[in-house]
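S.K.: Below is the structure, and that's it, no one-letter string:
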Ligand code: NAD
């Protein structure tokens, strides 16, 4: 006989959490046999089914996992909307240590939960999940993208993400200097993983002078050899006299302390949620005269690529749609100027406007 303890009334506030960011639904997925503990959060499906990857992370508490999935799923609504995609915003997290919990059974069980949502949620890979894991998910549901090319998918979305980030960077150069050439410009890239490496490739080809930092020595060595990039010690990157800083590692990287040390004129990178506080730090960047290309706009190439997979994969179409990030970035700088907003606020404004406009379209049958 299992002893079931009831939860104290003070420990909840979940509906309040959902209401604050206007979420539609969350689904808790639990399975003793496989050890699966997952949360699927569907933020908004006005534009289409909610698409967002599945993050596997060893969250210290359930509250931490819920906060993460709520924050990330809302970001997906904005990313899809501003990119002109007919997709809503959603995300999933699986709680556990990636080195210990991964198994075919776990991902197939998760796939069954996704299947039960009948297409309202479409999953893909994210931090600590791979195309291989998605192959297992695909054994139980069709509502999964980010599959290998051998299965008709678009493969790793990172090169497309890098291309979009490069487009956002060039548009920012156009705004700041009246010319989008990056030849001879100095660019500091933090994090040279899947996206950062491909970004360096574009920048090197165009003749930019590159500075890099990473915690992975191997990755640094490879990029230094391949692109003649200069290795900089971690934190020193913030004080470097460069034209452009490209955060491509982790989120919440821009804060009160390091924004004051920055000497760049543009920030344009692929990392998600770069501003530790999107209001306060967005404003600080304006005050310091730094052009900030909103992350969810310029890192949308990967989402555009998996969306292409969802409607029938076509690589040229995915790259073509990603190239439009250039124009949208310029539109955001113009809107921010016109309305006296930060670029982050302008991008959110534009994303929310499209959701609201389409809600009106759908209000009649
Ligand atoms: P990745 O894990 O391949 O690369 C991240 C790199 O950052 C690694 O080389 C890692 O060693 C390095 N890193 C970690 N901590 C660091 C630190 N403190 N200082 C310097 N380097 C550090 O990830 P990725 O797929 O290249 O994604 C990079 C960022 O872009 C992430 O924030 C991710 O959420 C975001 N993003 C990625 C995609 C995509 O298509 N892969 C799409 C949208 C957004």
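M.R.: Sure thing, it's come through. Fair warning: this is a prediction, and the values are worked out from it, not measured in the lab.

S.K.: mind listing the strands for this structure?
M.R.: 25-31, 36-44, 50-51, 54-57, 88-95, 121-122, 186-190, 209-213, 230-231, 244-247, 266-267, 291-292 (DSSP state E).

S.K.: Check what pLDDT residue 255 gets.
M.R.: Residue-level confidence at residue 255 comes out at 97, pLDDT.

S.K.: Could you pull up phi and psi at the residue of the stretch 101-250 of the chain at minimum distance from the ligand?
M.R.: Nearest to the ligand in the stretch 101-250 of the chain, going by CB to the nearest ligand atom, is residue 193, at a distance of 1.7 Å. All C-beta spots, glycine's among them, are computed from the backbone N, C-alpha and C. Here is the backbone geometry of residue 193 (degrees, to the nearest 10): phi -90, psi -140.

S.K.: Test my guess that it contacts residue 249.
M.R.: Yes: judged on CB atoms under 8 Å, residue 193 makes contact with residue 249 at a distance of 7.4 Å.

S.K.: overlap in contacts of those two?
M.R.: Residues touching both residue 193 and residue 249 (CB atoms under 8 Å, 6 or more residues apart in numbering) are residue 214.

S.K.: more crowded one of these two?
M.R.: Shown here are residue 193 and residue 249; by other CB atoms under 10 Å, residue 249 has more neighbours (20 against 14).

S.K.: Show the backbone phi and psi for that one.
M.R.: Main-chain dihedrals, residue 249, degrees, to the nearest 10: phi -110, psi -100.

S.K.: pretty sure it contacts residue 270?
M.R.: No: using CB under 8 Å, residue 249 is not in contact with residue 270; the gap is 9.1 Å.

S.K.: Show me whatever sits in contact with both of the two.
M.R.: Common neighbours of residue 249 and residue 270 (CB under 8 Å, 6+ apart) are residue 196.

S.K.: Format the strands of the chain as TSV; extra columns: mean neighbour count, mean pLDDT and distance to the ligand.
M.R.: Output for the strands of the chain, formatted as TSV (neighbours: other CB atoms under 10 Å; pLDDT from 0 to 100; distance: least, CB to the nearest ligand atom, whole Å):
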stretch	mean neighbour count	mean pLDDT	distance to the ligand
strand 25-31	15	98	21
strand 36-44	24	98	17
strand 50-51	28	98	13
strand 54-57	23	96	9
strand 88-95	28	98	12
strand 121-122	27	98	16
strand 186-190	25	98	5
strand 209-213	22	98	5
strand 230-231	14	98	11
strand 244-247	26	98	8
strand 266-267	24	98	14
strand 291-292	25	98	16
